[in-house]
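J.: how does the following fold in three dimensions:
(chains A and B)
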Amino acid sequence: MTAAIDTRALAKRIRIHTLRMTSGGGSSHIGSVFSMADIVAVLYGGVLRVRPDDPAWPGRDRFVLSKGHAGAGVYAALAERSFFPIEKLDTHHRDGSDLSGHVSHLGIPGVELSTGSLGHGLSIAAGMALAARLDGAAHRVFALLSDGECDEGSTWEAALFAAHHGLDNLAAIVDYNKIQSLDWVEKTIRLEPFADKWRAFGFAVAEVDGHDHAALAELLGRAPLPGGKPTCVIAHTVKGKGVSFMENAVLWHYRTARGEEFAAALRELEEGP
Amino acid sequence: MRNAFVRSLMRLAAIDPRIVLVTGDLGFGVLTPFKERFPRQYVNAGVAEQNMTGLATGLAREGKIVFTYSIANFPTLRCLEQIRNDACYHRADVKVVAIGGGFSYGALGISHHATEDLSIMRALPEITCVAPGDLWETEEATAAIARAPGTCYLRLDKSAAPPTHAEGERFALGRARIVREGDAATIVASGGILAEVLAAAEALAGDGLYCRVISMHTLKPFDAAAIAAAARETGGIITVEENTVDGGLGGAVAEACLDAGVAPGFFRRIGLRTGFSCVVGSQPYLRERYGLDAPAIRAALLAALRGLTGVKKPGGISR
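T.: Numbers count the residues shown, from 1 in each chain, chains lettered A, B, ... in the order given. Next up is the predicted model:
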């Protein structure tokens, strides 16, 4: 990386792109992107060692978006980091596009892995981390999970495996926005005591405000934490963060902003921090 | 077959450190030699097939050639979506190995009857689907899928046909093997049930009916040309699989004939038609019970020929 990237500005652009992409393409999950936008901005703004001009560089840090429904946010981050032209974002979720609603690697430089069905990402990330260890490679593996996908048994199969094998080159980040598709997590399938669960499974656990860029940069910069365990970063976030009427609202898991709602959301984002 | 598989895999692992074997906590005793000789190329993922398959994809994305190993439906149906989305979509070098094809574990009950896997796995995109018929095919197929790019499925059976290969013969994925010549009819088999087909063909030769026998070890990609030729050159086609008749080998053969615009003189599918088995038993017992054994195959072929010609079949039929 040459110059330091302003991650707050990057997060703002991710949100604006996402608003345009989901509105133009008529897709969902804007709330899920907004909750993780700061995490993704901090990752792609400097934490991840990646080379936009050499996306398959073997020494890159691996980033798996396990919550693939928030793919628009990763596409936006990659475009902002010049992995592909920003204009391509306009095709998102449209006929004939390869920018699918759920993140796909095919033909998209910089996307490590395709997901979309929940509960797949952590297993694959664990395989990547195991391979790195077998090969003596120094890169790190990050997997960003939703809270909802912690309902999936396969997430916990992967957690058991990663801890048993002491994959301390692996960091799971949970975007804990506390709302899943139909309702609040607490009213659907309770995850609390969430941090204790990860600790009990054998992870080193850190909790962070998922919208505090300085805290995120500090923590993710040194993640995975040392000590022979895989790391779980529980990032406390607000679903729909950045647009007042989308924040903490179950509705905006699926709703698409159009017309007056689109204009109002864009105004808030543009005028916001 | 599983011993032939492990033998072959050990030869591969010795010369290629990219080979990794991931077991779903099965293979007691059988995998021990591999584990002891290649500890860095062996992982026990525990009883967690979804994670096993995702993990294998992650390893494969980093350059490994990964064999996942378990019994019956566990490495396939339990984690079918991981095979589809993770392995196949990423064209990952994940080689799914199921031992206990068909009724291999017949006495253990329906959880252990792998009787739809051929149909289900061949429906997946971007996969090579293999069911060897004898030990030579098993060893050759193991080496071939390790070399073949992308995701593969290898269905192994407790039983195996006697050796069918010629000295110096070369095995190729997607190329059917004619293991016995004849033109009265063609019997096509996938998997260890080839043993019953060869026994039936031998008995039919005693009846004066010489049948072509095809080992269709690869269900995907499918050797449609071999089937079209059989339809043209022999009296009719019977397919035999230890699998549901819905969408498996018989389905593939029917598709190949219609796609090619070739109608065989007659066409019969031998396989499972009754849903779940209502009883348990040894593989030979269940094959006999469900009409998959050599006498049943012979009888089906004689009946088909009789239906075709209206002439009383030569020799006696016991059933």
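J.: from here on, just use CA atoms for contacts and neighbour counts.
T.: Noted.
J.: helices of the chain, start to end?
T.: I went with chain A, as the question did not name one. Along chain A, counting by DSSP state H, helices occupy A:7-25, A:30-42, A:71-80, A:121-135, A:153-164, A:185-188, A:194-201, A:213-222, A:259-271.
J.: I was thinking of chain B, sorry if that wasn't clear
T.: Counting by DSSP H, chain B has helices at residues B:2-15, B:32-37, B:49-61, B:80-81, B:117-122, B:135-147, B:194-206, B:224-233, B:249-260, B:283-289, B:294-309.
J.: next one: the shortest one to chain centre, how far?
T.: Relative to its parent chain, helix B:80-81 has a centroid offset of 19 Å by C-alpha atoms, centre = their mean, to the nearest Å.
J.: I figured A:L145 hits A:A70, correct?
T.: No - A:L145 lies out of contact with A:A70 (C-alpha atoms under 8 Å); the separation is 10.2 Å.
J.: where do the contact lists of these two overlap?
T.: Counting by C-alpha atoms under 8 Å, 6 or more residues apart in numbering or on different chains, A:L145 and A:A70 have no common neighbour.
J.: adding distance to chain A, write the helices of chain B out as TSV.
T.: TSV is the format used below for these (distance: least, C-alpha to the nearest C-alpha, whole Å):
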stretch	distance to chain A
helix B:2-15	15
helix B:32-37	16
helix B:49-61	4
helix B:80-81	8
helix B:117-122	19
helix B:135-147	18
helix B:194-206	37
helix B:224-233	30
helix B:249-260	29
helix B:283-289	33
helix B:294-309	43
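J.: so how far is B:V30 from the residue positioned nearest the centre of chain B?
T.: With distances taken as C-alpha atoms, centre = their mean, chain B has B:A131 as the residue nearest its mean C-alpha position (2.1 Å). To B:V30, B:A131 is 20 Å away according to C-alpha to C-alpha, to the nearest Å.
J.: repeat that for A:F34.
T.: In terms of C-alpha to C-alpha, A:F34 sits 51 Å off from B:V30.
J.: mind checking which of those two has more residues around it?
T.: Counted by other C-alpha atoms under 10 Å in any protein chain shown, A:F34 and B:V30 do not tie: A:F34 has more neighbours, with 31 against 13.
J.: so which residues on the stretch 51-200 of chain B come close to chain A?
T.: Within reach of chain A by C-alpha under 8 Å from any C-alpha of the partner chain, the stretch 51-200 of chain B has these residues: B:51-52, B:54-59, B:61-62, B:64, B:82, B:85-86, B:90.
J.: is it possible to mark the buried ones in the residues you listed?
T.: Buried by 16 or more other C-alpha atoms under 10 Å in any protein chain shown: B:51-52, B:54-59, B:61-62, B:64, B:82, B:85-86, B:90, out of these.
J.: ok, residue 91 - contacts?
T.: No chain specified, so I'll use chain A. When contacts are counted by C-alpha under 8 Å, 6+ apart, A:T91 touches A:21, A:25, A:97, A:99.
J.: try again with chain B
T.: B:126, B:149-151.
J.: try 6 Å this time
T.: B:150-151 (C-alpha atoms under 6 Å, 6 or more residues apart in numbering or on different chains).
J.: before we move on, what about the one 10 residues further on?
T.: With contact set as C-alpha under 6 Å, 6+ apart, B:G101 has these partners: B:72, B:114, B:155-157.
J.: just give the closest residue to it, not the sequence neighbours.
T.: B:D157 (4.7 Å; C-alpha to C-alpha, 6 or more residues apart in numbering or on different chains).
J.: save the helices of chain B as a markdown table, and put in mean pLDDT too.
T.: Output for these, formatted as a markdown table (pLDDT from 0 to 100):
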| stretch | mean pLDDT |
| --- | --- |
| helix B:2-15 | 97 |
| helix B:32-37 | 97 |
| helix B:49-61 | 98 |
| helix B:80-81 | 98 |
| helix B:117-122 | 98 |
| helix B:135-147 | 98 |
| helix B:194-206 | 98 |
| helix B:224-233 | 98 |
| helix B:249-260 | 98 |
| helix B:283-289 | 97 |
| helix B:294-309 | 91 |
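J.: most tightly packed of the ones you listed?
T.: The highest average neighbour count among the helices of chain B, using mean count of other C-alpha atoms under 10 Å in any protein chain shown, belongs to helix B:49-61 at a mean of 31.
J.: neighbours of residue 241, just the number please.
T.: As the question left the chain open, I've gone with chain A. Counted with other C-alpha under 10 Å, A:K241 comes out at 25.
J.: you looked at the wrong chain, it should be chain B
T.: With neighbours defined by other C-alpha under 10 Å, the count for B:E241 comes to 25.
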